[in-house]
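J.: My questions concern the predicted model and sequence given below.
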Amino acid sequence: MEKKRTTIVLFSGDYDKAMAAYIIANGAAAYDHEVTIFHTFWGLNALRKDETIPLKKGFMEKMFGKMMPRGADKMGLSKMNFSGFGPKMIKNVMKKHNAMTLPQLIEMAEEQEVKLVACTMTMDLLGLQKEELLNNIEYAGVAAYLADAEEGNVNLFI
Amino acid sequence: MEKKRTTIVLFSGDYDKAMAAYIIANGAAAYDHEVTIFHTFWGLNALRKDETIPLKKGFMEKMFGKMMPRGADKMGLSKMNFSGFGPKMIKNVMKKHNAMTLPQLIEMAEEQEVKLVACTMTMDLLGLQKEELLNNIEYAGVAAYLADAEEGNVNLFI
Amino acid sequence: MEKKRTTIVLFSGDYDKAMAAYIIANGAAAYDHEVTIFHTFWGLNALRKDETIPLKKGFMEKMFGKMMPRGADKMGLSKMNFSGFGPKMIKNVMKKHNAMTLPQLIEMAEEQEVKLVACTMTMDLLGLQKEELLNNIEYAGVAAYLADAEEGNVNLFI
């Protein structure tokens, strides 16, 4: 029997939406799907390292780099963000319920061999370089995304 | 021949997005698909009863409960919400065109036996309890979602 | 062998999300998928002509018509819109990287025979008329959407 497949485009840079993406991905991996998360546009921020990496960049690229959240832990909520207070509330509640944080969910996905891909075209647009992103991820474009997606049933755009 | 399947994750708490989800779900049910809507995060608000249910809750849970819309009819728009004036405009236009409101679409989905599921993990996070949600819905987690989704072609995250 | 199929619901009226939709659609068409983009709610704005078309409309319809962006080039960003400055930044960077603009991506989709559909039910709601939308597109409802979607694997809601 062929392996089942789950392929997620993570476009959103919101903490809650990225959580949903990684919860579904980790669930699918546990049920033995081959899983890919293709990070594009603001979703790339989930893959950023949290330290500042000194790199040569143009003005626009520097500006984008500063304005976008540096890593999963810094991302805001899609609803009730309240200038950053919302994520603190959610994280408090998550702690109380022993729920996994987004950085923990990403680590779990890496351990379960979920394929984490960064979209090279939008990295270019937002001025993000490989040195700023997590190690051990893959780099690809829309062709590679489609090759994974067309083989499976569970295709989501988040 | 196997039955076709449509499985929708309703993550969003916006009136217009929930409308789209329920219109597709009702259409698919009419064309004899097996249909599931899996409500998670803000999408759970579409399942809330509109009255206040007295329940014992912690401080955070109470706060979330107050800030989130109590039921489908209270939800805002994803665009042009204008502090609540947008939904009134849309509802006016819908009335003029005899379009179904969101509460009516949900009722229709129940009649057509669309499976309405509330995600238990995010109910916990947002402090929502079964007593506050519509009767006759199901409660499940990501495993049950994947079991439905992996059998069908039409999988959407809304 | 059967042809592969990609069917996208474009619900969003954001420039960046519409770009993602059209990049995936053009990629899929290049890999010989049959591709449909079903434009509904705010996604209809991507199909608007940029000139004003004089038409008889009710008050609400006129108001919606004025407040919504007239065509792909006028759409805002889902993140970092900064009252319209965000799209200018993105467009600057795109020019520098020779990336295709949204209007160019739409033209390419038309050349590759991607089926562009406008949702008639939401056109009614938002008071949009055929004269205001691009020529050579199709008009349909949820039944036609499902007929395309249920035959293919890559189904996205954007």
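T.: Nice, I can see it. Numbering: from 1, shown residues only, chains lettered A, B, ... in the order given.
J.: need the residues of chain A near chain C, please.
T.: A:9, A:11, A:13, A:40-42, A:60-61, A:63-64, A:67-68, A:121, A:124-127, A:142-143, A:145-146, A:149-153, A:155-157 (Cβ under 8 Å from any Cβ of the partner chain). For glycine as for every other residue, the C-beta is placed from the backbone atoms N, C-alpha and C.
J.: ok, now which ones touch the residue positioned nearest the centre of chain A?
T.: Closest to where the C-alpha atoms of chain A average out (Cα atoms, centre = their mean) is A:A46, at 4.0 Å. Contact partners of A:A46, counting by Cβ atoms under 8 Å, 6 or more residues apart in numbering or on different chains, are A:10, A:13, A:18, A:39, A:71-72, A:75, A:102, A:106.
J.: Would you double-check that it falls in a helix?
T.: Yes - read with DSSP: H, G, I helix; E, B strand; the rest coil, A:A46 is one of the residues of a helix.
J.: quick one on the thing from earlier: out of the contacts of A:A46, grab the one that's most surrounded.
T.: Among the contacts of A:A46, the one with the most neighbours (other Cβ atoms under 10 Å in any protein chain shown) is A:L10, at 28 neighbours.
J.: Let's see the pLDDT reported for the closest residue in space to that one that isn't next to it in sequence.
T.: Spatial nearest neighbour of A:L10, excluding adjacent residues (Cβ to Cβ, 6 or more residues apart in numbering or on different chains): A:G43 at 3.6 Å. At A:G43, the pLDDT value in this model is 97.
J.: thinking again about what came up before, would you quantify the distance from the residue nearest to the centre of chain A to B:L44?
T.: A:A46 sits 23 Å away from B:L44, going by Cβ to Cβ, to the nearest Å.
J.: quick one: the strands in chain A?
T.: Assigned by DSSP state E, the strands in chain A fall at A:5-10, A:34-39, A:115-119, A:138-140, A:154-157.
J.: What are the buried residues along the shortest one?
T.: I take that to be strand A:138-140. Residues of strand A:138-140 classed as buried: A:A140 (neighbour count, 16 or more other Cβ atoms under 10 Å in any protein chain shown).
J.: A:V35: neighbouring residues, count only.
T.: A:V35: 27 neighbours (other Cβ under 10 Å).
J.: Let me know the closest of the contacts of A:A46 to chain C.
T.: For these, the closest approach to chain C (Cβ to the nearest Cβ) belongs to A:G13, at 5.9 Å.
J.: so how far is A:F157 from the closest one?
T.: 14 Å.
J.: before we move on, what about A:F59?
T.: Separation of A:F59 from A:F157 (Cβ to Cβ): 32 Å.
J.: again with A:K91
T.: Taken as Cβ to Cβ, the span from A:K91 to A:F157 is 26 Å.
J.: swap in A:M100?
T.: 23 Å.
J.: close enough to count as contact, A:T101 and A:D73?
T.: Yes - with contacts counted by Cβ atoms under 8 Å, A:T101 reaches A:D73, the gap being 7.3 Å.
J.: which residue packs closest to A:R5, ignoring adjacent ones?
T.: A:G152 (2.6 Å).
J.: For burial, what's the neighbour tally of that neighbour?
T.: Around A:G152 there are 22 residues (other Cβ under 10 Å).
J.: do the longest helix along chain A and chain B meet?
T.: Identified as the longest helix of chain A according to DSSP state H is helix A:15-30. Yes - using Cβ under 8 Å from any Cβ, we find that helix A:15-30 touches chain B at A:16-17, A:20, A:23-24, A:27-28.
J.: which one of those is nearest B:E138?
T.: Checking those against B:E138 with Cβ to Cβ, the nearest one is A:G27 at 17.2 Å.
J.: Not counting its neighbours along the chain, what's nearest that closest one?
T.: A:G27 sits nearest to B:V142 (Cβ to Cβ, 6+ apart), 3.8 Å away.
J.: can you check A:A30 too?
T.: With sequence-adjacent residues excluded and distances taken as Cβ to Cβ, 6+ apart, A:A30 is closest to A:Q112, at 7.0 Å.
J.: ok, the one you found touching A:G27?
T.: No - contact between A:Q112 and A:G27 fails when scored by Cβ under 8 Å: they sit 10.0 Å apart.
J.: So which of those two has more stuff around it?
T.: More crowded of A:Q112 and A:G27, by other Cβ under 10 Å: A:G27, with 19 against 14.
J.: wait, the more buried one sits on B:L146?
T.: Yes - look at A:G27 against B:L146 with Cβ under 8 Å: they come within range, at 5.7 Å.
J.: Just the pLDDT at A:G86, thanks.
T.: Looking at A:G86, its pLDDT reads 82.
J.: check contacts around it.
T.: A:G86 is in contact with A:76-77, A:79-80, counting by Cβ under 8 Å, 6+ apart.
J.: In terms of neighbours, single out the busier of A:M100 and A:F157.
T.: Using other Cβ under 10 Å, the more surrounded residue of A:M100 and A:F157 is A:F157, with 26 against 15.
J.: For the closest residue to the more buried one other than its chain neighbours, give its distance to C:I8.
T.: Once flanking residues are discounted, A:F157 sits nearest to C:L156: 4.1 Å by Cβ to Cβ, 6+ apart. In this view, C:L156 and C:I8 are 5 Å apart by Cβ to Cβ.
J.: Give me the common contacts of the two.
T.: Common contact partners of C:L156 and C:I8 (Cβ under 8 Å, 6+ apart): C:21, C:24.
J.: picking that back up, as a markdown table, the contacts of A:A46 with pLDDT would be great.
T.: Output for the contacts of A:A46, formatted as a markdown table (pLDDT from 0 to 100):
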| residue | pLDDT |
| --- | --- |
| A:L10 | 98 |
| A:G13 | 96 |
| A:A18 | 97 |
| A:H39 | 98 |
| A:G71 | 94 |
| A:A72 | 94 |
| A:M75 | 94 |
| A:L102 | 96 |
| A:I106 | 98 |
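J.: still on that earlier bit, closest one to chain B out of the residues of helix A:15-30 next to chain B, please.
T.: A:G27 (3.8 Å).
J.: residues contacting A:K96?
T.: Each residue near A:K96 by Cβ under 8 Å, 6+ apart is listed here: B:M60.
J.: what does A:L116 give?
T.: By Cβ under 8 Å, 6+ apart, the contact set of A:L116 is A:37, A:39, A:47, A:106, A:109-110, A:134, A:136-138.
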